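Visitor: Pasting the sequence and the predicted model now:
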Amino acid sequence: MFASCADPSLLSGLDWLACYLTSGKHLDFYRSFGTVLILLAVTAPVALAFGFAGALAARSQLGLVSILGRGYMAMVRGVPDIVFFLFFVIALDQGIEWLTHQVRCPDWTEPIRNGLEFRVCPQAKVPPGAAPQSVHSLYGFGLAVVTFAIVFGAFAANVLLGAMNAVPRAQIETALAYGMSERQATRRVLIPQMWIYALPGLSNLWLILIKATPLLFLLGVRDVVYWARELGGSKTSAYEYPHPDWRLYYFLGLLVFYLLMTRISELVLARISARLSRGQATMAGEAMRKAGATA
């Protein structure tokens, strides 16, 4: 903030607007867009890893492993996202503190749970109560990443399982006939060819993940929705620049941001799809082959 912005009551016109848009709370608002982008960049590969593990587990010939993989997909996909987000984060947080409590406070005699109250010894608090705010924010963000990854990993597992089943079985049998083991055939034949079948479903999941980032607000992370509501409202203690209710304009700005994210994603995904379709026995691959033959 500029030195001239120290007393908002002395400002007017463009000076007031410049100070308003460069206040500390607005800088937090601008940084929250980076929080959303970092969440997407971290969650997407983690969720894909969860999905990959779930799909391979569901295809396993070991009965227990297959049940675990299919159970993971069915259970998470069957629970409404908002319920999972509200419940799982609390359960995960308390589970971490409970395990830490068992290690650090084995002589604790008071009950950990007393009615609705959950209380562990001070040494078991995660993060510690004396930790800086940045540590608490990073911990909350980490819980959010894990929660998003588990939820979207279950949907990704279902998409990847369908893509693996779409690869012609004859190709796997040919690889086995040439002396490959089942694991080698999966790694060298099945996985490289499944992506063209998985991409449409994964593309939809990516767009849904973008739209789901406002759920960060439910997880206690101060994201773009939180700041748009706080800064746009006419009655708030978030800043010293009172104004009428401007939430409409703030949320219109978020609308433009998410539409731009969606459009950029569609362009990138279209190029990836074109790249994966080359040489594949799909409609897109045949169209590219015919176009090259007539050129």
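Guide: Received, thanks.
Visitor: ok, for Asp81, nearest residue in space, not its chain neighbours?
Guide: Spatial nearest neighbour of Asp81, excluding adjacent residues (C-beta to C-beta, 6 or more residues apart in numbering): Val151 at 6.0 Å. Every residue, glycine included, has its C-beta placed from N, CA and C.
Visitor: Pull the number of nearby residues for the nearest residue to Glu110 once chain neighbours are set aside.
Guide: Nearest in space to Glu110, with sequence neighbours left out and distances taken as C-beta to C-beta, 6+ apart, is Arg119 at 7.3 Å. For Arg119, the count of nearby residues is 14 (other C-beta atoms under 10 Å).
Visitor: ok, Arg119 - contacts?
Guide: By C-beta atoms under 8 Å, 6 or more residues apart in numbering, the contact set of Arg119 is 110, 112-113.
Visitor: List phi and psi for Arg113.
Guide: Main-chain dihedrals, Arg113, degrees, to the nearest 10: phi -120, psi 120.
Visitor: Quickly list what it is bridged to.
Guide: Beta bridges link Arg113 to Phe118, judged by DSSP bridges.
Visitor: any idea how far it is from Gln123?
Guide: Taking C-beta to C-beta, to the nearest Å as the measure, Arg113 falls 18 Å from Gln123.
Visitor: Buried ones in the helix or strand hosting Leu269, by neighbour count?
Guide: Applying DSSP states H and E as the criterion places Leu269 in helix 247-277. For helix 247-277, the neighbour count (16 or more other C-beta atoms under 10 Å) marks 250, 254, 258, 261, 265, 269, 276-277 as buried.
Visitor: and what of stretch 59-77?
Guide: Of the residues in stretch 59-77, those buried (16+ other C-beta under 10 Å) are 59, 68-70, 72-73, 76.
Visitor: Let's see which of those residues end up in helices.
Guide: Among these, the members falling in helices (DSSP state H) are 59, 68-70, 72-73, 76.
Visitor: rewinding a little: which neighbouring elements make contact with the helix holding Leu269?
Guide: Taking 3 or more C-beta pairs under 8 Å, 6 or more residues apart in numbering; DSSP states H and E as contact, the helices and strands that helix 247-277 lies on are helix 191-212, helix 224-232, helix 283-294.
Visitor: do that again at 10 Å, thanks
Guide: Of the remaining helices and strands, those touching helix 247-277 by 3 or more C-beta pairs under 10 Å, 6 or more residues apart in numbering; DSSP states H and E are helix 24-59, helix 191-212, helix 224-232, helix 283-294.
Visitor: highest average neighbour count across the ones you listed?
Guide: For the helices and strands packed on helix 247-277, the largest average neighbour count (mean count of other C-beta atoms under 10 Å) is found in helix 224-232, namely a mean of 20.
Visitor: Pull the distance from it to the chain's centre.
Guide: Offset of helix 224-232 from its chain centre (C-alpha atoms, centre = their mean, to the nearest Å): 20 Å.
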